[in-house]
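1. Quick one, fold the following:
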Amino acid sequence: MFFMREPSFGCVAPCRLYIEEIEVLMKEFKESVSIAMAYVGVIVGAGLSSGQDILQYFLSFGKQGIWEILLFCVLNVVFGKIIVTLGSYFRSNSHSEVLGAIAGPVTNRIIDWTLIAAGFIIGFVMLAGAGSNLNQQFGIPSWAGALFCALLIIAVTFLDFDKITKVLGIFTPVVILFIVLITAYSISTKPLDIAALSSETAGIPSPLPNIWLSALNYFSLCAMTGVSMGFVLGGSIVKIGTAERGGALGGALVGLIITGAYISMFLNIGMVKGAEMPILEIVNAISPALGLVYALVIFFLIFNTAFSLYYGLACRFGGGNSVRVRKYLILFVAAGYGCSFGGFRSLISLTYPFLGYMGFVLLAVLASAWIRGRDRISAEKDCRRNMIRLARREYADVPYTRKDREQFDRLGKQSVIPAEEIKRDIREYVRTAETAGL
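-> Numbers count the residues shown, from 1 in each chain. Presented below is the predicted three-dimensional model:
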């Protein structure tokens, strides 16, 4: 068992530490994957998993949309890493804690209220998507499907955060598997007549005038969708390197999903261009049984995004008080449900471009904070890594000396987090690893 005390015989102690280092690396890898899956679950909501966003933002430009996809993928990897890393660096519980540190008072207030508005608006678009999804596949009235999703969001908020993170990431591998399946099926069965397929896209209305602005606008929208929960996810990770890898991997997976979805929908454009849930239409054409499963996957991905948005808003107003967070979440979800009756497709075309433009300020602030703060982030990463190494010596068959304790205290004072808080978090991190038997 990891951190179990054993007798010391010659080289046993160094060997034990070496083995423990390998086990720690495995633990960190698992944490990175867990954060990546949760991040994807936040970003891949109703629009991406259904294909409606891809239809309006990418396929409306025909074959040229592939360049837009590539830019979108790069932005996802870069900013996925930035968002989750900043959350870990500041150990944040809400987006206001990070923005208060990286933006000026006026800019901070503008972004804060922009995120509040975006979180609420995209949240009720997700509820509308939940209703449309269940209506298209099962014939359930849209209002009832949206209500079921709203009640599920409220119920899940009574779980602890570790369980919530697992819920957020549980359907990510499933949607990746489906996208790979759909893409492989479409490539192997559909003729690749690019000119004819591109002409089929001519009638699809686009909310933006050109591919580059469309990619930036849509990514900005996705960033606003994921930033609040991305900060909170990062804040749950002590080791900054783990957060960096998790955010970058999550962004790469989002890029993989949207690339596969774009290719599949382009090859099936005649079938999907008028559908409310285009990808679900393709899956139903492959197999009605798979369509049933994918409809459930879409529903829970919608739930992931809607929950993350409303939970992030509730954390913003409720702070660290769990009772207040739940009260605010119930209030936001109830109001969002009332706004969800505008229709899924029309809500996307009306609200998303506006929110995307509003998010440009957020992207500029995040990029600036990352460029200016890279040295400080690197120093904090080294500080926490050394603190964890020292704390682990207490549980390994290696003497934990007075000098080690003094160095641990000195590193705690160097941290950007208050000394007693970071020392407590580091010790809890090590104790958790010991308890888990890693």
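2. Next, count neighbours for the closest residue to residue 399 other than its chain neighbours.
-> Distances taken as CB to CB, 6 or more residues apart in numbering place residue 393 nearest to residue 399, at 7.6 Å, with adjacent residues excluded. C-betas here are computed from N, CA, C, even on glycine. For residue 393, the neighbour count with other CB atoms under 10 Å is 17.
3. can you pull the contacts of residue 393?
-> Going by CB atoms under 8 Å, 6 or more residues apart in numbering, residue 393 touches 399, 400, 404.
4. for residue 134, same thing?
-> 140, 142, 144, 145, 148, 295, 299.
5. next structured bit after the helix or strand containing it?
-> Element membership of residue 134, judged by DSSP states H and E, is helix 105-138. Moving toward the C-terminus from helix 105-138, the first helix or strand encountered (DSSP H and E) is helix 142-156.
6. Return the angle between stretch directions for that following helix and helix 105-138.
-> 120 degrees (axes from the mean of the first three to the mean of the last three CA atoms, to 10 degrees).
7. so what secondary structure elements neighbour helix 142-156?
-> Identification of packing neighbours for helix 142-156 by 3 or more CB pairs under 8 Å, 6 or more residues apart in numbering; DSSP states H and E yields helix 105-138, helix 288-318, helix 322-339.
8. can you redo those helices as a markdown table with mean pLDDT and distance to residue 41?
-> Converted to a markdown table, the helices and strands packed on helix 142-156 look like this (pLDDT from 0 to 100; distance: least, CB to CB, whole Å):
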| stretch | mean pLDDT | distance to residue 41 |
| --- | --- | --- |
| helix 105-138 | 85 | 12 |
| helix 288-318 | 84 | 4 |
| helix 322-339 | 90 | 17 |
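9. wait, which of these is closest to residue 183?
-> Closest to residue 183 of the helices and strands packed on helix 142-156 is helix 288-318 (CB to CB; 13.6 Å).
10. List the buried residues in the helix or strand that contains residue 217.
-> For residue 217, the host element (DSSP H and E) is helix 211-235. Judged by neighbour count (16 or more other CB atoms under 10 Å), helix 211-235 contains these buried residues: 211, 214-235.
11. Whichever helix or strand comes after that helix vs helix 211-235, what angle?
-> On the C-terminal side of helix 211-235, the closest following helix or strand by DSSP H and E is helix 240-267. Relative orientation of helix 240-267 and helix 211-235, computed by the same axes, to 10 degrees: 140 degrees.
12. Packing partners of helix 240-267?
-> Going by 3+ CB pairs under 8 Å, 6+ apart, helix 240-267 lies up against helix 12-43, helix 46-50, helix 52-57, helix 65-90, helix 172-189, helix 211-235, helix 278-286, helix 360-393.
13. and the ones you listed, which one's lowest on average pLDDT?
-> Among those, helix 46-50 carries the lowest mean pLDDT, a mean of 63.
14. Verify the stated contact: residue 154 with residue 330.
-> Yes: the pair residue 154 and residue 330 qualifies as a contact (CB atoms under 8 Å) at a distance of 5.5 Å.
15. do you know how far the closest residue to residue 365 other than its chain neighbours is from residue 96?
-> Computed as CB to CB, 6+ apart, the closest residue to residue 365 that is not its neighbour in sequence is residue 103, at 5.0 Å. Residue 103 sits 10 Å away from residue 96, going by CB to CB, to the nearest Å.
16. can you check residue 352 too?
-> For residue 352 relative to residue 96 (CB to CB), the value is 24 Å.
17. quick one, which of these two is more surrounded?
-> residue 352 (26 against 21).
18. Helix, strand or coil: sort out residue 93 for me.
-> coil (DSSP: H, G, I helix; E, B strand; the rest coil).
19. That one contacts residue 319, correct?
-> Yes: between residue 93 and residue 319 there is a contact at 7.3 Å, judged by CB under 8 Å.
20. and these two? which has more neighbours close in?
-> Higher neighbour count among residue 93 and residue 319: residue 93, with 20 against 15, using other CB under 10 Å.
21. which ones are touching that one?
-> 232, 235, 315, 319, 320.
22. let's go with 10 Å and repeat that
-> Residues in contact with residue 93, defined by CB atoms under 10 Å, 6 or more residues apart in numbering, are 87, 161, 231, 232, 235, 236, 315, 316, 318, 319, 320, 325.
23. Distance to residue 408 added to the helices and strands packed on helix 142-156, as JSON lines?
-> Listed next are the helices and strands packed on helix 142-156 as JSON lines, based on distance: least, CB to CB, whole Å:
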{"stretch": "helix 105-138", "distance to residue 408": "34"}
{"stretch": "helix 288-318", "distance to residue 408": "31"}
{"stretch": "helix 322-339", "distance to residue 408": "31"}
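24. what's the spacing between the host helix or strand of residue 410 and its chain's center?
-> Taking DSSP H and E as the definition, residue 410 sits inside helix 402-414. Distance of helix 402-414 from the chain centroid (CA atoms, centre = their mean, to the nearest Å) equals 35 Å.
25. Give me the helices and strands touching the very next helix or strand once past it, please.
-> Counting by DSSP H and E, the next helix or strand C-terminal to helix 402-414 is helix 419-435. Judged by 3 or more CB pairs under 10 Å, 6 or more residues apart in numbering; DSSP states H and E, helix 419-435 is in contact with helix 12-43, helix 360-393, helix 402-414.
26. Return the set of buried residues in the shortest one.
-> Okay, so that is helix 402-414. Neighbour-count burial for helix 402-414 [16+ other CB under 10 Å]: 404, 408, 411, 412.
27. Next, the angle from the helix holding residue 134 to helix 322-339.
-> Helix 105-138 and helix 322-339 are oriented at 60 degrees to each other (the same axes, to 10 degrees).
28. which phi and psi does residue 206 have?
-> Phi and psi for residue 206, reported as degrees, to the nearest 10, are phi -110, psi 140.
29. And for the one 4 residues further on?
-> When read as degrees, to the nearest 10, the backbone of residue 210 gives phi -150, psi 170.
30. Tell me the confidence at the nearest residue to it once chain neighbours are set aside?
-> Closest residue to residue 210 apart from its sequence neighbours, by CB to CB, 6+ apart: residue 61 at 7.9 Å. Residue 61 carries a pLDDT value of 88.
31. still on that earlier bit, give me the common contacts of residue 103 and residue 96.
-> What both residue 103 and residue 96 touch, as defined by CB under 10 Å, 6+ apart, is the set 109, 111, 112.
32. Quick check on those: which are buried?
-> By neighbour count, with 16+ other CB under 10 Å, these hold 111, 112 as buried.
33. mind putting the shared contacts of residue 103 and residue 96 in JSON lines, distance to residue 346 included?
-> JSON lines is the format used below for the shared contacts of residue 103 and residue 96 (distance: CB to CB, whole Å):
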{"residue": "109", "distance to residue 346": "31"}
{"residue": "111", "distance to residue 346": "27"}
{"residue": "112", "distance to residue 346": "28"}
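34. I'd like to know which of the shared contacts of residue 103 and residue 96 is nearest to residue 179.
-> For those, the nearest to residue 179 is residue 111 (31.9 Å; CB to CB).
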